[in-house]
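K.L.:
can you look at this prediction? I've put the sequence above it.
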Amino acid sequence: MTDQIPGRRESTAVPTTGPAGVPAIACTALVYSFGSTRAVDGIDLEVEAGSIYGLLGPNGAGKTTAIRAITTLLPVPPGMVGVFGNDVAKRRMEVRRLLGYVPQQLSADSGLTGRENVAMFARLFDVPRRQRGERVTAALDAVGLREAADRLAKTYSGGMVRRLELAQALVSSPRLLILDEPTIGLDPIARDSVWERIEEVRGATGMTVFVTTHYMDEADQYCDRISLMHRGTIRATGSPQELKASLPKGSGTLEDVFRHYTGDTLEEPTSGEFRNVRATRSTAARLR
Ligand SMILES: Nc1ncnc2c1ncn2[C@@H]1O[C@H](COP(=O)(O)OP(=O)(O)OP(=O)(O)O)[C@@H](O)[C@H]1O
């Protein structure tokens with residue numbers, strides 16, 4: 001097969017940042033195992049360019065593994081994952097240039113200021129030297145951290161840390177922003193502040209956002225389309241409205257939808273500041 005994976009359906013209402021009909025992400029029968037553990041067990045996904053797409057599932061469902069395959073961090077065979085038509089197995093560097101990625105683990109350095117953290121990512125992602133200062137400031141502005149930019153990140157609240165990590169990912173102007181549990185461990189107000197910034201940036205740039213979460217209320221409120229993932233497989237896909245309408249009663253919450261398709265529930269983590277965010281996330285993360 002060629003290195004390019006063709007689009008499989010026409011783009012519709014949402015704005016498109018790639019060639020017409022080419023999905024931002026296309027997974028075809030994606031599988032990934034760690035030894036005898038089949039973390040991802042044959043998932044098909046198509047993420048329309050310009051949309052906010054949520055992958056929803058409990059701990060251990062396989063969401064992070066799917067993200068790591070999409071972001072080229074885990075090796076997968078050709079033909080399983082395409083990003084804007086680029087096969088991740090064959091065009092790894094091209095794919096990386098299209099991506100902004102906020103991992104579940106803490107990626108901000110507590111001993112640097114907000115501005116220094118974002119500047120470090122600008123250097124890492126080869127933002128041209130002459131544009132760096134301007135792009136760093138624009139990224140900090142976009143997430144509402146202008147005032148706090150010159151404070152050490154360790155003085156930030158949990159929501160500010162998450163917004164800082166968002167700025168780090170945005171400084172390279174990605175076409176596809178991938179967020180692994182962007183609001184894990186945050187209180188509801190901080191969660192809203194993170195999502196408002198994600199929505200604003202998406203509105204301003206038309207970038208595609210692919211997000212994992214186990215907060216069903218935020219998936220319901222902010223995602224155009226959702227896939228419910230459980231034990232390595234996708235159990236249902238649709239807009240929040242379509243999923244709720246698919247219940248036998250014809251209505252309900254996304255919690256009901258999840259229970260209906262998986263027979264299981266999702267649990268909520270706790271809230272906190274920089275240290276607690278680190279603790280929450282390192283508890284959630286495992287050594288790889
Ligand atoms: N590096 C690894 N080595 C061995 N098993 C792993 C590894 N990473 C993940 N797994 C296993 O793969 C399965 C899916 O894990 P994954 O982290 O993808 O789930 P998740 O939905 O992202 O959950 P979480 O939010 O807790 O990270 C789990 O059974 C997990 O124990």
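P.N.:
Yep, that arrived. What you are looking at is a predicted structure, and each value in this text was computed from that prediction instead of being measured.
K.L.:
please make it C-alpha for all contacts and neighbour counts, starting now.
P.N.:
OK.
K.L.:
residue closest to the middle of this structure?
P.N.:
The centroid of the chain falls nearest to residue 179 when counting by C-alpha atoms, centre = their mean (2.3 Å).
K.L.:
now the strands for the chain?
P.N.:
25-34, 37-47, 52-56, 81-83, 86-87, 99-102, 176-180, 208-213, 225-230, 233-238 (DSSP state E).
K.L.:
relative to residue 162, which of these is closest?
P.N.:
strand 99-102 (8.8 Å; C-alpha to C-alpha).
K.L.:
run through the stretch 151-288 of the chain and note the low-pLDDT ranges.
P.N.:
265-288 (pLDDT under 70).
K.L.:
what about 80?
P.N.:
264-288 (pLDDT under 80).
K.L.:
re earlier: could you export the strands of the chain as a markdown table, including distance to the ligand?
P.N.:
Shown next, in a markdown table, are the strands of the chain (distance: least, C-alpha to the nearest ligand atom, whole Å):
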| stretch | distance to the ligand |
| --- | --- |
| strand 25-34 | 5 |
| strand 37-47 | 4 |
| strand 52-56 | 8 |
| strand 81-83 | 16 |
| strand 86-87 | 21 |
| strand 99-102 | 13 |
| strand 176-180 | 8 |
| strand 208-213 | 8 |
| strand 225-230 | 8 |
| strand 233-238 | 10 |
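K.L.:
packed most tightly, which of those strands would that be?
P.N.:
strand 81-83 (a mean of 28; mean count of other C-alpha atoms under 10 Å).
K.L.:
what's the average pLDDT for that strand?
P.N.:
For strand 81-83, mean pLDDT rounds to 97.
K.L.:
ok, and what's touching that strand?
P.N.:
By C-alpha atoms under 8 Å, 6 or more residues apart in numbering, the surrounding residues in contact with strand 81-83 are 4-5, 23-28, 30, 69-70, 87-89, 95.
K.L.:
residue 157 is in contact with residue 186, correct?
P.N.:
No - using C-alpha atoms under 8 Å, residue 186 is not in contact with residue 157; the gap is 9.3 Å.
K.L.:
pretty sure residue 211 sits against residue 179.
P.N.:
Yes - Residue 211 lies in contact with residue 179 (C-alpha under 8 Å); the separation is 4.7 Å.
K.L.:
JSON lines for the strands of the chain, including distance to residue 119?
P.N.:
Output for the strands of the chain, formatted as JSON lines (distance: least, C-alpha to C-alpha, whole Å):
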{"stretch": "strand 25-34", "distance to residue 119": "28"}
{"stretch": "strand 37-47", "distance to residue 119": "30"}
{"stretch": "strand 52-56", "distance to residue 119": "27"}
{"stretch": "strand 81-83", "distance to residue 119": "26"}
{"stretch": "strand 86-87", "distance to residue 119": "28"}
{"stretch": "strand 99-102", "distance to residue 119": "15"}
{"stretch": "strand 176-180", "distance to residue 119": "18"}
{"stretch": "strand 208-213", "distance to residue 119": "22"}
{"stretch": "strand 225-230", "distance to residue 119": "33"}
{"stretch": "strand 233-238", "distance to residue 119": "38"}
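K.L.:
which residues touch stretch 198-211?
P.N.:
15-17, 24, 47-55, 142, 174-182, 222.
K.L.:
residue 132: which of the strands of the chain is closest?
P.N.:
Closest among the strands of the chain, using C-alpha to C-alpha: strand 99-102, at 16.4 Å.
K.L.:
show me what the closest one is in contact with.
P.N.:
Contacts for strand 99-102 (C-alpha under 8 Å, 6+ apart): 71, 165-166, 169-170, 172-180, 182.
K.L.:
apply 10 Å and report the result again.
P.N.:
Contacting residues not belonging to strand 99-102 are listed as 67-68, 70-71, 83, 125, 162, 165-182, 208-211 [C-alpha atoms under 10 Å, 6 or more residues apart in numbering].
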